[in-house]
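Asks: coordinates for the following, if possible.
(one chain, ligands or ions: 2)
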Amino acid sequence: MSRRRRIYEGKAKVLYEGPEPGTLIQYFKDDATAFNNQKKGTIAGKGVLNNRISEYLMTKLMEMGVPTHFVRRLNMREQLIQEVEIVPIEVVVRNVAAGSFSKRFGVPEGTPLPRSIIEYYYKSDELDDPMIAEEHITAFGWAMPQDLDDMISLSLRINDYLSGLFLGIGLRLIDFKLEYGRVYDENGDVRIILADEISPDSCRLWDIKTNEKYDKDRFRHDLGKVQEAYQEVARRLGLLHENVTEIAEPKAAS
Ligand code: TMP
Ligand code: ASP
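Replies: Ligands and ions are numbered 1, 2, ... in the order given. The predicted structure is shown next:
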């Protein structure tokens with residue numbers, strides 16, 4: 001294995017320097033955490049599945065004009081991405097009450113929301129990713145008002161598109177989390193593009209008919225069949241005929 005420079009290691013991914021300036025390699029681990037690292041584990045094959053699922057979804061989004069950091073998949077666990085200056089905000093879009101929303105507002109899980117709701121969280125492990133308002137984002141300078149407008153309109157378009165895409169494979173997009181980054185073009189103009197990943201780690205996906213969960217809540221709440229759930233999402237997206245045997249490979253050395 002080549003001795004690449006490691007730029008950043010997060011809970012589920014590692015970023016290495018890329019082959020050219022302005023690029024990075026995003027490596028997907030099998031590690032899973034929940035509740036800000038209080039619960040830790042591994043989901044065999046998760047990295048392989050999320051790499052493929054995120055590639056697929058980002059490619060689809062790019063086809064309909066959403067700018068993303070994705071360049072191309074390199075191998076089972078790695079993809080080439082554009083280097084961005086990450087906006088330290090998690091944008092959560094909710095269609096149906098679940099998770100922290102249900103807890104915070106006392107709305108039972110599964111209650112459809114009258115309209116899609118966007119929430120923001122400040123990315124800070126020390127502070128436990130506190131929920132924030134738009135005012136905090138602009139006052140602290142985490143994003144300019146124009147960046148925020150772009151993030152909102154992109155997030156709503158992504159929600160519409162992904163809701164339809166998942167509906168087509170019998171899954172309801174309950175909620176999901178997005179991260180954005182800034183890139184600068186030759187003229188120094190700033191552009192906001194979608195970054196990070198879109199996968200069952202960052203989405204809630206319930207079967208339309210049975211309400212069975214096909215996402216990381218299976219890990220968070222010890223519901224069992226975690227790997228099978230990620231695999232089922234990939235299968236329904238039509239991604240599982242390729243390299244099925246390699247899905248459960250042991251964690252690759254990096
Ligand atoms: P929440 O209900 O726990 O706030 O989660 C909302 C959505 O965001 C859900 O689809 C899971 C996703 N999410 C992440 O991707 N990363 C996180 O750190 C958290 C808390 C949630
Ligand atoms: N990824 C977050 C963590 O580790 C939380 C979550 O997804 O539930 O803590």
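Asks: from here on, just use CA atoms for contacts and neighbour counts.
Replies: OK.
Asks: so residue 183 makes contact with residue 191?
Replies: Yes - with contacts defined as CA atoms under 8 Å, residue 183 counts as touching residue 191 at a distance of 5.3 Å.
Asks: higher neighbour count, these two?
Replies: residue 183 (18 against 15; other CA atoms under 10 Å).
Asks: how about that one, secondary structure?
Replies: Following DSSP: H, G, I helix; E, B strand; the rest coil, residue 183 is assigned to strand.
Asks: up against ligand 1, what does this protein have?
Replies: Remark: the part of the chain in contact with ligand 1 comprises 92, 98-101, 175-177, 201-204, using CA under 6 Å from any ligand atom.
Asks: filter those residues to the buried ones?
Replies: Neighbour-count burial (16 or more other CA atoms under 10 Å) is assigned, among the residues of the chain next to ligand 1, to 92, 98-99, 175-177, 201-204.
Asks: and the residues of the chain next to ligand 1, which of them are in helices?
Replies: Taking DSSP state H as the definition of helices, the residues of the chain next to ligand 1 contribute 99-101.
Asks: okay, those residues in TSV with distance to residue 167 and pLDDT next?
Replies: Shown next, in TSV, are those (distance: CA to CA, whole Å; pLDDT from 0 to 100):
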residue	distance to residue 167	pLDDT
99	21	98
100	23	98
101	22	98
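Asks: contacting ligand 2 as well, which ones from the residues you listed?
Replies: With the criterion set as CA under 6 Å from any ligand atom, no member of those is near ligand 2.
Asks: and for residue 150, the neighbour number?
Replies: 15.
Asks: what are the phi and psi angles of it?
Replies: According to degrees, to the nearest 10, the main-chain angles of residue 150 amount to phi -60, psi -40.
Asks: surely it is in contact with residue 190?
Replies: No - using CA under 8 Å, residue 150 makes no contact with residue 190, being 11.3 Å away.
Asks: okay, now the closest residue to ligand 2 within the chain: neighbour count?
Replies: Distances from the chain to ligand 2, computed as CA to the nearest ligand atom, single out residue 36 as the nearest residue at 2.8 Å. Residues contacting residue 36 under the criterion other CA under 10 Å number 14.
Asks: can you confirm it is in a helix?
Replies: No - with the criterion set as three-state DSSP, the secondary structure at residue 36 is coil rather than a helix.
Asks: what residues does the chain have near ligand 2?
Replies: 33-37.
Asks: buried ones among those residues?
Replies: Judged by neighbour count, with 16+ other CA under 10 Å as the criterion, the buried members of those are 33-34.
Asks: which one of the residues of the chain next to ligand 2 is nearest residue 24?
Replies: Distance to residue 24 across the residues of the chain next to ligand 2 (CA to CA) is lowest for residue 33, with 23.3 Å.
Asks: before we move on, the earlier item: and the residues of the chain next to ligand 2, which is closest to residue 217?
Replies: Lowest distance from residue 217 to the residues of the chain next to ligand 2 (CA to CA) belongs to residue 34, with 9.0 Å.
Asks: bridging residues for the closest one?
Replies: As for beta bridges, residue 34 partners with residue 39 under DSSP bridges.
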